[in-house]
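Undergrad: can't give you the sequence, but here's the structure:
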């Protein structure tokens, strides 16, 4: 278990954020942690699943930070996947 | 306090200028800048009984407030750590002739129009000094060009025009398009830039046989969005500044912004709608950030983007990773990495453990902002409850 600081952006937002995640966090959790700082603050929630893009690839929701090889201060982008409805609003952010 | 840094810069030209006329002019410039520092501090001091935060006119540069870090980086690059020739071009030609001299003319006129005679006189007094000592830049440029140093002259201009633009967008952009009361707005920030700054600067470059900076198209694109993003960021993290930012997004103001910047509502209105909804619901917590905005390792300004999702530019130098907001900021760093590499941004300091406790309270304390000094919305968010004039007319 180790903290990994990321440079993170939520698609549609206007600024890159410092977001601290754990190396054992899955991409679902990473997306939630980034969305916490954006959704319902500057952007409205949507009933769509959130995904994480890193190094030009969309990562599997179950993949962990460590498994994806995401290094400290890497850039990740979180976005709503227009093709996938969320499960009971679980991806609605904070 | 930047005026005192300019004093150091002018004094350096007064000592190392290569001609007697230049050294004499720089000596006057040194005296000018001492006077500017003193009258601005005196002006703020006289207002302390009305607002204790005028103390920040003196205090800001001695803190680790994020804007003060950015401005120190900018002024150190241009003034305290610069040679005489570069300073004549970067301070007096690019910044004073290009940006602030014209801005001060407009600022003095605006202040007089709104009846603020004292402030108008203060600014006019500074501007007339500046119009004189800013004359050091052009003859220095001409000498460089005559002696075959066009590439270096162009590089010096390109570096400082970009740096000046970022600071100008942060400070003047918000002041013109959001803080100025709507009835008193004559030009939008973009219109002002196009009419006063860009046209004049273009003409001067052409007359001297120089080129527009290589990033000119990017700069013109930023006129449409950068200061809107920076203003939103400053308002959102308003507890980290020592003034009360006016959101400037009442219904009437949003209509003005859309008219001046077509597409503003689609691009920025959506954020303010969500914020206004939180205000109306009494959810103040969601109108503040819980984390830091990442800043650029060159300009030290938050990493805003019109196309979020584009990765920031990362450069590894001496095994350290540096983050840049734009091609020009990266280019400036790469011109002379040893000059900039040792600086720690507010993000670097947070990650190094310099900010304790590592939370919002710790960040505010690190920036020197007590609860009484932290900014809040200038209108107590009354704008969030106002109806658009056009909607009100329809309803009637």
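TA: Nice, I can see it. Fair warning: this is a prediction, and the values are worked out from it, not measured in the lab.
Undergrad: what about stretch B:221-229, distance to the chain center?
TA: On the basis of CA atoms, centre = their mean, to the nearest Å, stretch B:221-229 sits 13 Å off its chain's mean C-alpha point.
Undergrad: distance between the ends of it?
TA: End-to-end distance of stretch B:221-229 (CA to CA, to the nearest Å): 13 Å.
Undergrad: Okay, buried residues for it please.
TA: B:222, B:223, B:225, B:226, B:227, B:228, B:229 (16 or more other CB atoms under 10 Å in any protein chain shown). Backbone N, C-alpha and C define where each C-beta goes, glycine included.
Undergrad: go on, stretch B:315-330?
TA: Those would be B:315, B:322, B:323, B:324, B:325, B:326, B:328, B:329, B:330, for stretch B:315-330 by 16+ other CB under 10 Å.
Undergrad: Chain A: which of the buried residues of stretch B:221-229 is nearest?
TA: residue B:229 (4.8 Å; CB to the nearest CB).
Undergrad: pretty sure the closest one is touching residue B:303, no?
TA: No. In this structure, residue B:229 is not within contact of residue B:303 by CB atoms under 8 Å, at 9.8 Å.
Undergrad: Tell me the residues that contact both of those two, please.
TA: Taking CB atoms under 8 Å, 6 or more residues apart in numbering or on different chains as the contact rule, residue B:229 and residue B:303 both touch residue A:15.
Undergrad: picking up where we left off before, let's see which of the buried residues of stretch B:315-330 end up in helices.
TA: Assignment to helices by DSSP state H places the following of these there: B:328, B:329, B:330.
Undergrad: Next up, the contacts around the last one.
TA: For residue B:330, the contact set (CB under 8 Å, 6+ apart) comprises B:298, B:313, B:315, B:324.
Undergrad: between those residues, which is closest to residue B:346?
TA: residue B:298 (13.6 Å; CB to CB).
Undergrad: how close does that closest one get to residue B:317?
TA: Computed as CB to CB, to the nearest Å, the residue B:298 to residue B:317 distance reads 12 Å.
Undergrad: Identify the contacts common to those two.
TA: residue B:333.
Undergrad: Can you name the residues that contact residue B:51?
TA: With CB under 8 Å, 6+ apart, residue B:51 has no contacts at all.
Undergrad: hang on, the earlier thing: tell me which entries of the contacts of residue B:330 lie within strands.
TA: Among these, the residues falling in strands (DSSP state E) are B:313, B:315, B:324.
Undergrad: restrict the buried residues of stretch B:221-229 to those near chain A?
TA: residue B:229 (CB under 8 Å from any CB of the partner chain).
Undergrad: pLDDT and secondary structure for the buried residues of stretch B:221-229 - can I get that in TSV?
TA: Shown next, in TSV, are the buried residues of stretch B:221-229 (pLDDT from 0 to 100; DSSP: H, G, I helix; E, B strand; the rest coil):
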residue	pLDDT	secondary structure
B:222	94	helix
B:223	95	coil
B:225	95	coil
B:226	96	helix
B:227	97	helix
B:228	97	helix
B:229	96	helix
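Undergrad: And the buried residues of stretch B:221-229, which is closest to residue B:151?
TA: Nearest member of these to residue B:151, counting by CB to CB, is residue B:222, at 25.2 Å.
Undergrad: Surely the closest one touches residue B:169?
TA: Yes. At 7.1 Å, residue B:222 counts as touching residue B:169 under the criterion of CB under 8 Å.
Undergrad: any idea which helix or strand carries residue B:201?
TA: helix B:199-208 (DSSP states H and E).
Undergrad: circling back to that earlier point, I'd like to know which of the ones in helices among the buried residues of stretch B:315-330 is nearest to residue B:70.
TA: residue B:329 (11.8 Å).
Undergrad: Distance of residue B:123 relative to residue A:16?
TA: 35 Å.
Undergrad: who's in contact with residue B:326?
TA: B:215, B:218, B:296, B:313.
Undergrad: need the contact list for the last one.
TA: Contacts here follow CB under 8 Å, 6+ apart; on that basis residue B:313 touches B:323, B:324, B:325, B:326, B:327, B:329, B:330.
Undergrad: okay, the residue nearest the centre of chain B: pLDDT?
TA: Most central residue of chain B, judged by C-alpha distance to the mean C-alpha position with CA atoms, centre = their mean, is residue B:167 at 2.4 Å. Note for residue B:167: predicted pLDDT of 95.
Undergrad: ok, it touching residue B:72?
TA: No. Contact between residue B:167 and residue B:72 fails when scored by CB under 8 Å: they sit 11.5 Å apart.
Undergrad: Now the phi/psi pair for the residue in the stretch 1-150 of chain B positioned nearest to chain A, please.
TA: Chain A sits closest to residue B:66 of the stretch 1-150 of chain B, with a gap of 12.3 Å, by CB to the nearest CB. Per-residue torsions, residue B:66: phi -60, psi -40 (degrees, to the nearest 10).
Undergrad: Quick one: neighbours of it, just the number.
TA: 24 (other CB atoms under 10 Å in any protein chain shown).
Undergrad: who's in contact with it?
TA: Contact analysis of residue B:66 by CB under 8 Å, 6+ apart lists B:240, B:295, B:300, B:346, B:367.
Undergrad: swap the cut-off to 6 Å and go again
TA: residue B:346 (CB atoms under 6 Å, 6 or more residues apart in numbering or on different chains).
Undergrad: what do you get for residue B:188?
TA: Contacts of residue B:188 (CB under 6 Å, 6+ apart): B:177, B:260.
Undergrad: any idea how far residue B:260 is from it?
TA: 4 Å.
Undergrad: Need the per-residue pLDDT for residue 47.
TA: If you meant another chain, say so; for now it's chain A. pLDDT, residue A:47: 95.
Undergrad: please go with chain B instead
TA: On the pLDDT scale, residue B:47 gets 94.
Undergrad: Point out where the chain drops to low pLDDT.
TA: The chain I'm using is chain A. A:85-94 (pLDDT under 70).
Undergrad: I was after chain B.
TA: B:306-309, B:387-396.
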